[in-house]
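[1] requesting a structural model of the entry that follows:
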Amino acid sequence: MCIDIDRERLLTLSAAAVSLPHRPHSSTVSRWVQTGCRGIRLESVLLGGRRYTSKEALRRFIERTTQAAEGTDDDR
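    Numbers count the residues shown, from 1 in each chain. Sure, this is the predicted structure:
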């Protein structure tokens, strides 16, 4: 799935880090975009030279990495 910039709430990667529990470092969120976690990459868009993700993309990323960690292949 791709970020829909008309419907999703965009966040800078540093704002995304602050919005998560335990506030991971913004470089962690950047790494999730670039290389991923458990084979899953955080969706992002590039606008005006800045990288953005969305609250909805974070939710999808968390769901997918949780499924990967638990070994389930449920695709919602």
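[2] pull the longest helix from the protein.
    Determined from DSSP state H, the single longest helix within the chain is helix 55-70.
[3] which of the residues in that helix are buried?
    Within helix 55-70, the residues that count as buried by 16 or more other C-beta atoms under 10 Å are 56, 57, 58, 60, 61, 64, 65, 67. Every residue, glycine included, has its C-beta placed from N, CA and C.
[4] let me see the contact set for the second one.
    Shown here is residue 57, whose contacts under the criterion C-beta atoms under 8 Å, 6 or more residues apart in numbering are 3, 8, 42, 43, 44.
[5] biggest separation within the residues you listed, which pair?
    Spatially, the most separated pair among the contacts of residue 57 is 8 and 42, at 13.0 Å (C-beta to C-beta).
[6] neighbour-wise, which of the two wins?
    Using other C-beta atoms under 10 Å, the more surrounded residue of residue 8 and residue 42 is residue 42, with 23 against 17.
[7] the strands in the chain, which residues?
    10-12, 45-47, 50-54 (DSSP state E).
[8] now the chain, which segments are flagged as low pLDDT?
    The model of the chain has pLDDT under 70 over residues 73-76.
[9] if we use 80, what do you get?
    1, 72-76 (pLDDT under 80).
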